[in-house]
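Visitor: task: produce atomic coordinates for the following.
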Amino acid sequence: MSKRTRRPHRKPEAKKEQLVHWYAVLNERSISAEATDAREDVAAFSALHGIRRIRHPYARVDVSRNRIAKKFMDITTDPESALIMLDTDHLQPHDICLRLIEDNMPVVGALAFRRGEPFDPQCYVLDGKDLKQPIEWKPGLLEVDIIGSAAICIRRKVFMELEEKGFHYPWFRNLYEDNSDTFLGEDWDFSQKCRAAGIKLYCDMRIVPPHQDILWIDQKPWLMRQSLLIPDSTARLGPEPWFQEDNSKWAELKDSHKGETCIVIGNGPSLKEIPVEFLQKHSSFGTNRIYAIRHLEGFYPTYYCSVNPLVLNQFGAGMIQKYKGRVRRFFLASNYLRGNPIKEQPAVVPIQSLADNKFFPDPTLGLYEGHTVTFVCLQIAYWMGFSTVLLVGVDHRYSFEGSPNQELVAQGPDVNHADESYFSDGVKWHAPDLEKSAKAYQMAREAFEKDGRRVINLTPNSALEVFERDEWTSWK
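Guide: Prediction:
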């Protein structure tokens with residue numbers, strides 16, 4: 001039998017403006033069943049989000065890191081491309097690559113703990129001349145001076161800057177002392193080089209991939225050792241796979257409005273022409289900053305939906321305060337809800353966003369955002385059984401300078417929404433991608449029509465021609 005040969009890695013066939021991220025798993029000679037399952041989950045989820053994998057054979061850890069980094073530099077050109085390296089002896093969360101990428105830092109790692117005694121966190125902060133480990137911390141990003149590499153995300157520009165400042169390949173080396181058999185690992189060496197080059201390091205204290213030993217080592221043993229946590233019977237239990245998340249909140253909504261009519265409210269300028277009394281005629285879906293539109297003061301949609309990270313991170317708390325107890329359900333991005341206690345509220349339903357560009361009739365599998373929250377609402381309305389969906393405020397036209405999906409900073413009054421303060425001075429927002437959202441709308445129309453249902457655009461002077469058109473006055 002001839003020896004199997006691997007195909008060489010090719011540079012991604014992508015447009016210049018398309019940013020491609022890569023991840024690699026550092027192989028071990030023996031991999032536990034739990035870690036294997038987690039690795040498969042990482043691969044499936046990353047593929048859905050366009051994060052590609054660098055494959056490589058087993059080698060010593062420092063050798064593997066250098067070979068992976070070199071291959072990454074050979075197949076990428078964009079300074080913002082990210083390389084995520086994942087150790088196999090950790091139980092990596094399925095979405096760890098996306099979460100580290102979304103931290104948007106030059107170097108950011110997960111919070112990992114030593115495999116054996118004293119089970120201490122593998123990140124260090126300089127306190128005077130001493131490097132100290134945190135004993136207590138808040139969820140979020142912590143700037144550190146040494147970061148462990150159990151799960152680490154490094155942008156291409158970091159390797160470029162290291163080279164420019166005299167820290168040449170290989171960038172990961174074990175550090176031995178003369179007359180001693182002990183050494184500091186390659187993560188210490190890399191961290192020290194970054195510090196010397198002025199590159200900041202961060203640890204995401206929300207991401208904790210347990211370290212494999214007799215038990216999975218996460219923060220619990222460390223906190224027990226500090227007498228900050230009393231051990232219980234769950235200390236040895238690993239986390240459940242991501243696909244086994246409780247879907248009971250979605251299940252109870254299935255066909256809950258079968259045969260009914262609803263209104264999906266966009267927030268375009270034309271919404272000012274729609275009387276509040278009409279919006280109250282049927283069950284409704286409000287989105288994003290609808291609560292900030294002043295002429296709708298006192299109106300509360302039946303359901304609320306938001307998935308855009310810029311909207312939720314800037315305005316999520318205010319939205320929840322405004323609508324709490326006044327809407328039946330909050331449909332919110334699961335990434336925003338991670339670690340947020342409101343996730344446990346019965347009215348809060350997490351949305352798992354997928355990159356697979358199709359209409360998902362079953363949200364328990366996830367939903368495609370379609371470059372517009374309106375498309376998300378259409379998928380939810382389908383699941384809930386609505387037979388007719390009326391669109392208002394979906395103007396489908398914007399005035400902006402920049403590229404589709406680009407993060408912009410608002411300047412002056414907002415001319416793209418029904419209230420000039422919607423996205424006003426200093427607010428961050430994503431430029432729309434009208435072409436891709438129109439394609440998503442077409443998929444929605446086909447799904448509804450195939451099942452004998454309708455989506456009707458009642459928006460005055462709308463530029464969206466995908467759906468059947470009518471006047472809102474005909475539906476009084």
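Visitor: low-confidence ranges, the stretch 151-300 of the chain, go.
Guide: 213-217, 220-246 (pLDDT under 70).
Visitor: all strands for it, in order.
Guide: Ranges of strands within the stretch 151-300 of the chain are 151-155, 175-176, 183-184, 201-204, 211-212, 216-217, 261-265, 283-287, based on DSSP state E, counting those that start in this stretch.
Visitor: how about TSV for these, with distance to Val349 and mean neighbour count added?
Guide: Using the backbone N, CA and C atoms, a C-beta is placed for each residue, glycine as well. Formatted as TSV, the strands of the stretch 151-300 of the chain follow (distance: least, CB to CB, whole Å; neighbours: other CB atoms under 10 Å):
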stretch	distance to Val349	mean neighbour count
strand 151-155	29	26
strand 175-176	49	12
strand 183-184	47	14
strand 201-204	25	24
strand 211-212	33	22
strand 216-217	29	22
strand 261-265	16	24
strand 283-287	13	24
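Visitor: list the contacts of Ile84.
Guide: Residues counted as contacts of Ile84 (CB atoms under 8 Å, 6 or more residues apart in numbering) are 21-24, 51, 96-97, 100-101, 151-154.
Visitor: cutoff 6 Å now
Guide: Tyr23, Cys97, Leu100, Cys153 (CB atoms under 6 Å, 6 or more residues apart in numbering).
Visitor: picking that back up, for Phe467, find the nearest of the strands of the stretch 151-300 of the chain.
Guide: With CB to CB, the closest approach to Phe467 among those belongs to strand 261-265: 10.8 Å.
Visitor: strand partners of the closest one, parallel vs antiparallel please.
Guide: When pairing is defined by DSSP bridges, strand 261-265 lines up against strand 283-287 (parallel), strand 388-392 (parallel).
Visitor: Arg173 versus the residue of the chain positioned farthest from its centre, what's the distance?
Guide: Distance to the chain centre peaks in the chain at Asn179, reaching 47.4 Å (criterion: CA atoms, centre = their mean). According to CB to CB, to the nearest Å, Asn179 stands 19 Å off from Arg173.
Visitor: residue ranges for the helices of the stretch 201-350 of the chain, please.
Guide: For the stretch 201-350 of the chain, the helices defined by DSSP state H, counting those that start in this stretch cover 219-225, 248-251, 276-279, 309-323, 334-337.
Visitor: dump the ones you listed into a markdown table; add distance to Asp204 and mean neighbour count as well.
Guide: Below are the helices of the stretch 201-350 of the chain laid out as a markdown table (distance: least, CB to CB, whole Å; neighbours: other CB under 10 Å):
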| stretch | distance to Asp204 | mean neighbour count |
| --- | --- | --- |
| helix 219-225 | 13 | 18 |
| helix 248-251 | 27 | 14 |
| helix 276-279 | 41 | 15 |
| helix 309-323 | 15 | 17 |
| helix 334-337 | 13 | 19 |
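Visitor: indicate which one of these is closest to Asp356.
Guide: Of the helices of the stretch 201-350 of the chain, nearest to Asp356 by CB to CB is helix 334-337, at 15.7 Å.
Visitor: quick one: average pLDDT of the closest one?
Guide: In this model, helix 334-337 has a mean pLDDT of 84.
Visitor: and for stretch 460-470?
Guide: pLDDT averaged over stretch 460-470 gives 97.
Visitor: distance from the chain centre to it, please.
Guide: Here stretch 460-470 shows a centroid-to-chain-centroid distance of 32 Å under the convention CA atoms, centre = their mean, to the nearest Å.
Visitor: buried set for that stretch?
Guide: Buried residues in stretch 460-470, counted by 16 or more other CB atoms under 10 Å: Pro460, Ser462, Leu464, Val466, Phe467.
Visitor: could I get those as a markdown table with secondary structure?
Guide: Shown next, in a markdown table, are the buried residues of stretch 460-470 (DSSP: H, G, I helix; E, B strand; the rest coil):
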| residue | secondary structure |
| --- | --- |
| Pro460 | coil |
| Ser462 | coil |
| Leu464 | coil |
| Val466 | coil |
| Phe467 | coil |
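Visitor: for those residues, which one is nearest Cys123?
Guide: Scanning the buried residues of stretch 460-470 for proximity to Cys123, where the rule is CB to CB, the winner is Leu464, at 48.7 Å.
Visitor: in contact with that closest one, which residues?
Guide: When contacts are counted by CB under 6 Å, 6+ apart, Leu464 touches Val394, His396, Asn457.
Visitor: now do Ala444
Guide: Phe359, Leu378.
Visitor: buried sites along the helix or strand harbouring it?
Guide: Per DSSP states H and E, Ala444 falls inside helix 434-450. By 16+ other CB under 10 Å, the buried positions in helix 434-450 come out as Leu434, Lys436, Ser437, Ala438, Ala440, Tyr441, Met443, Ala444, Arg445, Ala447, Phe448.
Visitor: I'd say the second one and Thr372 touch.
Guide: No - Lys436 is beyond contact range of Thr372, at 8.7 Å (criterion: CB atoms under 6 Å).
Visitor: on the three-state scheme, Val108 is what?
Guide: Per three-state DSSP, Val108 ends up strand.
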